[in-house]
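Visitor: Based on what follows, work out the 3D shape:
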Amino acid sequence: MANLQSHAEFVQELLADQDRRLNSVDYAGRSLPRFQYIVALCRRMNPNGDAKVLDIGRSYMSFMLAEYYSDVATLGFPLGEHGYAHEHAGAQGERQPGRHIVFDLNDAQTRGIASSEQFNLIVFAEVLEHLFTAPELVLHALRELLVEDGLIVCLTPNATALPKRIRLLRGTNPFERIRINCNNPGHYREYTKTELEQMGLTAGLEMVHHEFGNYRPARSFVLPRSKSQMFDVFCRMIPAFCLGQTAVYRKLPARS
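Guide: Numbering: from 1, shown residues only. Presented below is the predicted three-dimensional model:
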C-alpha cells in the first residue's frame with residue numbers, strides 16, 4: 001500500500017513526538033545544581049548586588065540571579081514564543097528579572113545587538129553550543145554590551161569529556177543529532193578549552209578564568225549509577241574529563 005502521508009504530516013508527527021519527549025524532562029529540577037553553581041560563581045566574580053546583569057535566555061536561573069542582583073535583564077527570543085515553561089518557572093519569587101531584549105544571537109552574522117545599555121556581568125550559560133553562528137561573532141556582539149571592566153561568564157559542555165571519548169573509541173557518535181524542532185535544535189557544536197580561549201581573543205576578549213566541572217550528577221543523563229562515582233574520581237584526577245566547563249572573559253584593551 002502506498003504511503004499516503006504527506007511530507008508536512010510526516011514533519012508534524014516527528015515534531016510532536018520529539019517535543020513530547022523533551023517536555024517530559026523536569027528541566028528546572030535537573031538543572032538546579034548547574035544554576036546554583038553559576039549563581040555562586042557570578043557572586044564570586046562580582047559580589048556587588050547593584051551590578052547590572054544580563055542573562056542570555058530567560059530561565060529559572062534568571063529569577064535566581066534576581067534574588068541577589070537588583071538589576072537583571074534578559075536577552076533572547078520573544079518570551080513565550082517557543083513555549084518554554086521554564087521562562088516563567090520562578091515567577092512566584094519576590095524579585096524577578098526586568099526588561100527583556102529581543103534578539104536572536106544567530107543574527108550576529110549580520111548585525112549587532114540594538115541596545116545602548118551596558119552591563120557589568122553577562123551570563124552566557126549553555127547557549128553557545130545551540131548556535132549555528134560562529135562563536136567569534138556572538139562573543140563580539142556580547143562584548144559590545146560590557147562596561148570596560150565587565151565580565152562574560154560562559155558555561156558550555158566540554159567537547160572532550162571522558163564519556164564522549166569512550167563512545168568515540170567504541171565507534172559511537174558522542175554527539176546528539178540535530179533535532180526536528182528548528183527552534184530547539186539541540187547542540188550544533190561543542191568546544192574545547194583551547195577553542196574557547198582562541199575564539200575569545202578573536203572577539204577581543206581575554207579569558208581570565210577557566211574551570212572544568214560536573215554541574216549535575218553524571219548518572220542523571222550519561223552514566224549509570226554504578227559508574228558515576230568512578231567517573232567523579234577520574235575527573236578529580238584529570239579535570240579535562242569533566243562534562244562541562246566555564247570560561248570567564250573580560251575585554252581586551254581597544255586597539256589603537
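
Visitor: now the strands for the stretch 101-250 of the chain?
Guide: 119-125, 146-157, 205-213, 244-251 (DSSP state E, counting those that start in this stretch).

Visitor: Output these in a markdown table; the columns should cover mean pLDDT.
Guide: Putting the strands of the stretch 101-250 of the chain into a markdown table (pLDDT from 0 to 100) gives the following:
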| stretch | mean pLDDT |
| --- | --- |
| strand 119-125 | 98 |
| strand 146-157 | 97 |
| strand 205-213 | 97 |
| strand 244-251 | 97 |
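
Visitor: between those, which one is nearest to residue 182?
Guide: Checking these against residue 182 by CB to CB gives strand 146-157 as the closest, at 20.4 Å. (Each C-beta comes from the backbone N, C-alpha and C, glycine too.)

Visitor: The closest one: partners in the sheet, and parallel or antiparallel?
Guide: strand 119-125 (parallel), strand 244-251 (antiparallel) (DSSP bridges).

Visitor: In TSV, list the strands of the stretch 101-250 of the chain along with distance to residue 106 and mean neighbour count.
Guide: Shown next, in TSV, are the strands of the stretch 101-250 of the chain (distance: least, CB to CB, whole Å; neighbours: other CB atoms under 10 Å):
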stretch	distance to residue 106	mean neighbour count
strand 119-125	14	23
strand 146-157	16	20
strand 205-213	19	16
strand 244-251	20	22
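
Visitor: Please produce a markdown table containing those strands, extended by distance to residue 10.
Guide: Formatted as a markdown table, these follow (distance: least, CB to CB, whole Å):
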| stretch | distance to residue 10 |
| --- | --- |
| strand 119-125 | 35 |
| strand 146-157 | 31 |
| strand 205-213 | 41 |
| strand 244-251 | 35 |
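
Visitor: closest one to residue 39 among those?
Guide: strand 119-125 (8.8 Å).

Visitor: For that closest one, give me every contacting residue.
Guide: The contact list for strand 119-125, computed with CB atoms under 8 Å, 6 or more residues apart in numbering, reads 34, 38, 42, 45-46, 48, 51-57, 61, 65, 69, 73, 142, 145-147, 149-155.

Visitor: and if you look at stretch 248-256?
Guide: 41, 45, 139, 143, 146, 148-154, 200-201, 204-210.

Visitor: The strands of the stretch 101-250 of the chain: which one's closest to residue 174?
Guide: Among these, strand 146-157 sits nearest to residue 174 (CB to CB), with 10.5 Å.

Visitor: how many degrees apart are the closest one and strand 205-213 in direction?
Guide: Relative orientation of strand 146-157 and strand 205-213, computed by axes from the mean of the first three to the mean of the last three CA atoms, to 10 degrees: 30 degrees.

Visitor: Distance from the chain centre to strand 146-157, please.
Guide: Relative to its parent chain, strand 146-157 has a centroid offset of 12 Å by CA atoms, centre = their mean, to the nearest Å.

Visitor: May I have stretch 132-139 as CSV, with CA atoms only?
Guide: C-alpha atoms of stretch 132-139 as CSV (Å, rounded to 0.1, in the frame of the first residue of the first chain):
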residue,chain,number,x,y,z
PHE,A,132,25.0,27.8,14.3
THR,A,133,26.6,31.2,14.0
ALA,A,134,30.4,31.4,14.5
PRO,A,135,31.1,32.0,18.2
GLU,A,136,33.5,34.8,17.5
LEU,A,137,30.7,36.9,16.1
VAL,A,138,28.4,36.1,19.0
LEU,A,139,31.0,36.9,21.6
